[in-house]
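Chemist: Here you go, sequence then predicted model.
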Amino acid sequence: MAKINIKSPYFVNVSVANLTSAKLELYVYTGTQTTSRGSIDYTLNSTAYNDEVTFEISELVRDYLDVTFDGTYTSQMVWVDYQVTRYVGTTPTVLSMQLLDGFDGYGYFEDGVNPQLSGDLLQSNTIQYILKDEILKVPVNVNDIVDVKFYNGITLSGTVLCADTTSSSSLIKYTSDVANIDRVVVNNGTTTTEIDVEIIEECKHTPYKLTFVNKFGVLQDLWFFKRSNLSLGTKKETYKSNILNSGSYSINDHQTKILNKQGTEKLVLNSGFVDEQYNEVFRQLMLSEKVWIDYDSETLPINISSSSLNYKTNLNDKMINYTINVDFAFDKINSVR
């Protein structure tokens, strides 16, 4: 099944000799593919130029997919169906309905037009770091996977079978429910991809888990094991108050008074030593619009406040550690009204 990664443009090109115009009817929905389609969401019309029409549909689809996270890993995607009618003169030709899997992902410039990315394993890294006794979550597309196996040494600890689905709520699966495994094998029926799992037992610092929407449009975990610093930044408005009373004033009164004081907490996080391939993981973290942190047993929204990333290599940096700054994405004093 073709994919549409909705943060990058997706072009539908219509071309035929003597084409005068074209119409595209677009359906965006969740539930059961085709069965839950419903009525047309958008109808696009365009006059041909040089026997050609090109439609861009990603901007329209983005309104229908907003990935959220509350600590529970769920499949969040949409079905995107479209049908083109092309006109030569006034004669219409209705083309077959096209079915797309819609993910909140994107391609890089060098990935070209209508990037498809990986269809089975929905992350870039094949080395993964995780805190001891925590559950590893590996995102896969069940329609492109036969099974996922988990190993502890040479011992098979568990197998997750992946059956084809037409339900948007089960297309993305986050495996597994097995702790302390050191190898994952993702089998797509033709080839296998192995993920080496490094289990970290951190005794000195408090580890933090960040969960972000990655390039593939799914949730991915990233652990920070080393030193962290919490700080509070504040902002305020002030005004001069009249404290004169009957020709006198108290030296205990505030002449300069504070109005609407508010604060936002910030964290500086250090990853600990990671493999060079984590350059790509941190690139996707920095580009993500949705990030959360597991903090004091709560899943809280954060924003990455670091605005640049210097890629590190084993040759230049020997041991690779990343430091990032994050802001909690809410006012410390509750201001929700």
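Modeler: Thanks, I have the structure now. Values in this document were obtained by computation on a predicted structure and should not be read as measured data. Numbering: from 1, shown residues only.
Chemist: so when I look at Arg62, I'm seeing a helix, right?
Modeler: Yes. Assigned with DSSP: H, G, I helix; E, B strand; the rest coil, Arg62 falls within a helix.
Chemist: How about the backbone phi and psi for the residue lying closest to it once chain neighbours are set aside?
Modeler: Spatial nearest neighbour of Arg62, chain neighbours left out: Ile6 (4.9 Å); criterion: CB to CB, 6 or more residues apart in numbering. Any C-beta I mention is one placed from the backbone N, CA and C, and that applies to glycine too. For Ile6, the backbone dihedrals are phi -80, psi -10 (criterion: degrees, to the nearest 10).
Chemist: again with the one 3 residues further on
Modeler: Backbone dihedrals for Pro9, given as degrees, to the nearest 10, come out at phi -60, psi 150.
Chemist: how would you label the closest residue to Asp41 other than its chain neighbours: helix, strand or coil?
Modeler: Beyond its immediate neighbours in the sequence, the residue positioned closest to Asp41 (CB to CB, 6+ apart) is Val28, lying 5.2 Å away. Going by three-state DSSP, the secondary structure assigned to Val28 is strand.
Chemist: Would you check that Val28 makes contact with Gly38?
Modeler: No. Using CB atoms under 8 Å, Val28 makes no contact with Gly38, being 9.5 Å away.
Chemist: Looking only at neighbour counts, state which of the two leads.
Modeler: In terms of neighbours (other CB atoms under 10 Å), Val28 is the more surrounded of Val28 and Gly38; the figures are 24 against 10.
Chemist: buried residues in the top helix by length along the chain?
Modeler: With DSSP state H setting the assignment, residue counts place helix 278-287 as the longest helix in the chain. Applying a neighbour-count criterion of 16 or more other CB atoms under 10 Å, the buried positions in helix 278-287 are 278-279, 281-287.
Chemist: how many degrees apart are the helix or strand following that helix and helix 278-287 in direction?
Modeler: Towards the C-terminus, the helix or strand next in line after helix 278-287, according to DSSP states H and E, is strand 291-295. Orientation check (axes from the mean of the first three to the mean of the last three CA atoms, to 10 degrees): strand 291-295 against helix 278-287 gives 100 degrees.
Chemist: Tell me how many other residues crowd Gln220.
Modeler: As a burial measure, the neighbour count of Gln220 was computed by other CB under 10 Å and equals 24.
Chemist: And His205, how far from Leu222?
Modeler: Using CB to CB, to the nearest Å, one obtains 16 Å as the distance from His205 to Leu222.
Chemist: Compare those two (neighbour count), which wins?
Modeler: Using other CB under 10 Å as the criterion, His205 and Leu222 rank with Leu222 on top: 24 against 13.
Chemist: What is the nearest of the buried residues of helix 278-287 to Glu59?
Modeler: Minimum separation from Glu59 among the buried residues of helix 278-287 (CB to CB) is found for Leu287, which lies at 18.3 Å.
Chemist: what sits against the closest one?
Modeler: Listed by CB atoms under 8 Å, 6 or more residues apart in numbering, the contact partners of Leu287 are 106, 215.
Chemist: Quick check: mean pLDDT of the top strand by length along the chain?
Modeler: Of all the segments of type strand in the chain, defined by DSSP state E, the longest one is strand 256-274. Average pLDDT, strand 256-274: 94.
Chemist: Quick check: buried residues in that strand?
Modeler: For strand 256-274, using 16+ other CB under 10 Å, the buried residues are 264-274.
Chemist: next one: stretch 83-92
Modeler: 84-87.
Chemist: now that stretch, how far from the centre of its chain.
Modeler: In terms of CA atoms, centre = their mean, to the nearest Å, the gap separating the centre of stretch 83-92 from the centre of its chain is 38 Å.
Chemist: Can you give me the end-to-end span of it?
Modeler: Length of stretch 83-92, first residue to last, CA to CA, to the nearest Å: 13 Å.
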